[in-house]
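Participant: here are the coordinates; sequence isn't available:
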């Protein structure tokens, strides 16, 4: 499912993503053709590789021997790696081995003694050609051994990364490394540094996949080109990341011991299933409802940005609709499991109910301060989401929910505290802010950039209990920069336009209920003015009012003594 279902707060929609871990998770099992390699056609092809990534075309159902081009005298063990875009390939210790690594990013550990017995075996089990990036790393006796302290079945040493994803969360796991010798004693002193390198967003092509591994390969490249997202110690060997579908990322784990370091096998994920057709990239499911709602959201955003305050009652309804749909979607998604049509229906219904309630508050009360309270809070929500999305995403303290929500709420109230005294200006600024964001997020839906996750990450934190633990630093690439520039430009134009329109006009329109009361009072006054005598019941003790009651005393007037 496409993760940008929450393309705008206007419709507040999201759908779960379900993943098949087969495409990212190294597994044990029978090959797609047969577990018996003797039945495979063709002879074994020998390939010599080194530490430089080499792109090879794997023929259908073919076996390859991988051997290092040359070895250093100080080398003690090697890590073989193979990486494919979407089709898992098999890396095995030998041609007769009963265990292997089946993955899009398999990695294999071999000592020099093992290498003399048999080279590494790479198999393409698919009936089609598969492009792969292959290379080998050499390590000396003083280097820690990635995946040596493994407690799971399968290959004895697991120097690869297990990457799985489901919904908005990507899980990264790996086996513990060993100290040099190797030894699994006192391995709690090892430090694991996790780096990630984003590929161009919304591009699942082979071209960028291959260039990514070319740029993000050596220890120096990883540290210079990648982003350090976590340091794990004390036996911690797992990590959660926020999923950004259709944006590929390559992950690297470096294990450090004293002055030596080793790199686990690299791994990648796009956070989505691939289409059968390689030219169409990732499989993303969209609905007609999403396209229509985003198209409508474009016009709603333009309306709020340039005419929101002038049509005050409409903007009040939309502010309430935003709040109702957002809250309704969170409640339904967190506590109920429903099919998409029912989810959309309940989300829209809750938005309509709250929107009408907010509109009626203005209709009957007509209090300007109360009417701008909700839009300024929603503006604060935008501000807090933006700050938590990019500038503050790398702060480890915000992985704790209590710290995150405390800071988030403080930022949320800032616009309300600053602008509430200037009710008209607060209303205009809120209309411009929410309208421009609605416009750009809806456009983001069609460009498939990642700005939508500014609000999607906050939504996921409400819905998924584990999402708070995930590292959320997103990519910020060319499309994102273009949309942010357009957002700022639209906000400036909208603000200037509304200030000019509202110049020399009443700050707020009269409330309809108050208008009705004024009209009714005026009509009653007109009736009384035409039918009531000028003097009534004020001449006491006369034939005009023989039994008229004494008027009640008035402060400053003595009854019966007017002078």
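Facilitator: Yes, it's here. Model, not experiment: these values are computed from the prediction. Residues are numbered from 1 along each chain as shown.
Participant: lowest-pLDDT helix or strand in this structure?
Facilitator: The helix or strand of the chain with the poorest confidence is helix 512-531; it has a mean of 73 (mean pLDDT, DSSP states H and E).
Participant: how far off centre is that helix?
Facilitator: Remark: helix 512-531 is offset 56 Å from the chain centroid, using C-alpha atoms, centre = their mean, to the nearest Å.
Participant: and the contacts of that helix?
Facilitator: 313, 363, 364, 365, 366, 510 (C-beta atoms under 8 Å, 6 or more residues apart in numbering). Every C-beta, even on glycine, is put in place using the N, C-alpha and C of the backbone.
Participant: how about a cut-off of 7 Å?
Facilitator: Residues external to helix 512-531 that are found in contact with it (C-beta atoms under 7 Å, 6 or more residues apart in numbering): 363, 364, 366.
Participant: how far does stretch 505-524 sit from its chain's centre?
Facilitator: Distance of stretch 505-524 from the chain centroid (C-alpha atoms, centre = their mean) equals 46 Å.
Participant: same check, this time on stretch 349-366
Facilitator: Counting by C-alpha atoms, centre = their mean, stretch 349-366 is centred 30 Å from the centre of its parent chain.
Participant: in helices only, show me the contacts of helix 512-531.
Facilitator: Those of those mapping onto helices are 363, 364, per DSSP state H.
Participant: for the contacts of helix 512-531, give me JSON lines that also has distance to residue 350 and pLDDT.
Facilitator: JSON lines is the format used below for the contacts of helix 512-531 (distance: C-beta to C-beta, whole Å; pLDDT from 0 to 100):
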{"residue": "363", "distance to residue 350": "20", "pLDDT": "92"}
{"residue": "364", "distance to residue 350": "22", "pLDDT": "92"}
{"residue": "366", "distance to residue 350": "25", "pLDDT": "90"}
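Participant: can you list phi and psi of the closest residue in space to residue 472 that isn't next to it in sequence for me?
Facilitator: In this structure, residue 472 finds its nearest non-sequential neighbour in residue 242, 4.2 Å apart by C-beta to C-beta, 6 or more residues apart in numbering. When read as degrees, to the nearest 10, the backbone of residue 242 gives phi -70, psi 140.
Participant: quick check: bridge partners of residue 242?
Facilitator: residue 169 (DSSP bridges).
Participant: ok, it - contacts?
Facilitator: Contact analysis of residue 242 by C-beta under 7 Å, 6+ apart lists 168, 457, 470, 471, 472.
Participant: give me that answer again for 10 Å
Facilitator: Listed by C-beta atoms under 10 Å, 6 or more residues apart in numbering, the contact partners of residue 242 are 3, 168-170, 271, 393, 453, 456-457, 460-461, 467, 470-474.
Participant: what about those, which are in helices?
Facilitator: Short answer: the contacts of residue 242 in helices (DSSP H) are 453, 456, 457, 460, 461.
Participant: in PyMOL, select just the buried ones from these.
Facilitator: This is the PyMOL syntax for the buried subset of those, where burial follows 16 or more other C-beta atoms under 10 Å:
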select buried, resi 453+456+457+460+461
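Participant: can you pull the pLDDT of residue 511?
Facilitator: Residue 511 carries a pLDDT value of 86.
Participant: same question for residue 481.
Facilitator: For residue 481, the model assigns a pLDDT of 93.
Participant: wait, it sits on residue 449?
Facilitator: Yes: counting by C-beta atoms under 10 Å, residue 481 does reach residue 449; the two are 9.3 Å apart.
Participant: among those two, which residue is more densely surrounded?
Facilitator: Neighbours per residue, other C-beta atoms under 10 Å: of residue 481 and residue 449, the larger number sits with residue 449, 26 against 12.
Participant: wait, what's in contact with the more buried one?
Facilitator: 4, 201-202, 246-247, 440, 443, 475-484.
Participant: try it again with 7 Å
Facilitator: Applying C-beta under 7 Å, 6+ apart, we find residue 449 in contact with 201, 202, 479, 480, 483.
Participant: quick check: the farthest pair among those residues?
Facilitator: Greatest spatial distance among these (C-beta to C-beta): 202 and 483, at 12.5 Å.
Participant: how many neighbours does residue 507 have?
Facilitator: For residue 507, using other C-beta under 10 Å, the count is 12.
Participant: which non-adjacent residue is nearest it?
Facilitator: Excluding the flanking residues, the one nearest residue 507 by C-beta to C-beta, 6+ apart is residue 424, at 4.0 Å.
Participant: for the one you found, what is the enclosing helix or strand?
Facilitator: Remark: residue 424 resides in helix 423-447, with elements defined by DSSP states H and E.
Participant: go on, residue 195?
Facilitator: Under the criterion of DSSP H and E, residue 195 resides in strand 191-201.
Participant: neighbouring strands for that strand, and are they parallel or not?
Facilitator: Here strand 191-201 has these sheet partners by DSSP bridges: strand 227-232 (antiparallel), strand 247-257 (antiparallel).
Participant: contacts for it?
Facilitator: Residues contacting strand 191-201 (C-beta under 7 Å, 6+ apart): 208-209, 212, 216, 222, 225-233, 237, 239, 246-256, 449-450, 475, 477, 479.
Participant: between the following helix or strand past it and strand 191-201, how many degrees?
Facilitator: Next along the chain after strand 191-201, taking DSSP H and E as the criterion, comes helix 206-215. Counting by axes from the mean of the first three to the mean of the last three C-alpha atoms, to 10 degrees, helix 206-215 lies at 150 degrees to strand 191-201.
Participant: elements contacting helix 206-215?
Facilitator: strand 130-140, strand 191-201, strand 247-257 (3 or more C-beta pairs under 7 Å, 6 or more residues apart in numbering; DSSP states H and E).
Participant: need those strands in CSV with distance to residue 294, mean neighbour count and mean pLDDT, can you?
Facilitator: As requested, those are exported to CSV (distance: least, C-beta to C-beta, whole Å; neighbours: other C-beta atoms under 10 Å; pLDDT from 0 to 100):
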stretch, distance to residue 294, mean neighbour count, mean pLDDT
strand 130-140, 35, 20, 95
strand 191-201, 18, 20, 95
strand 247-257, 19, 23, 95
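Participant: closest to residue 95 out of these?
Facilitator: Closest to residue 95 of these, according to C-beta to C-beta: strand 130-140, at 17.1 Å.
Participant: tell me the centre residue of this protein?
Facilitator: By C-alpha atoms, centre = their mean, the chain has its centre lying nearest to residue 453, at 3.4 Å.
Participant: quick one, grab the pLDDT at the residue nearest to it when sequence neighbours are not counted.
Facilitator: Nearest residue to residue 453, sequence neighbours excluded (C-beta to C-beta, 6+ apart): residue 474, at 5.8 Å. At residue 474, the predicted lDDT confidence score is 87.
Participant: any low-confidence regions in this structure?
Facilitator: Filtered on pLDDT under 70, the chain yields the residue ranges 1-42, 276-281, 283-287, 526-563.
Participant: just to revisit the earlier point, looking at the helices and strands packed on helix 206-215, which is closest to residue 375?
Facilitator: strand 191-201 (31.4 Å).
Participant: just how off-centre is the closest one within its chain?
Facilitator: Averaging C-alpha positions (C-alpha atoms, centre = their mean) puts strand 191-201 17 Å from its chain's average.
Participant: kindly report the same for stretch 340-352.
Facilitator: Relative to its parent chain, stretch 340-352 has a centroid offset of 22 Å by C-alpha atoms, centre = their mean.
Participant: returning to what we had before: quick one, what contacts the residue nearest to residue 507?
Facilitator: Here residue 424 is in contact with 502, 507, 508 (criterion: C-beta under 7 Å, 6+ apart).
Participant: how about the nearest residue to residue 135, chain neighbours excluded?
Facilitator: Nearest to residue 135 is residue 53, by C-beta to C-beta, 6+ apart, at 4.8 Å.
Participant: correct me if wrong: that neighbour contacts residue 132.
Facilitator: No: the pair residue 53 / residue 132 is not scored as a contact, 10.1 Å apart, by C-beta atoms under 7 Å.
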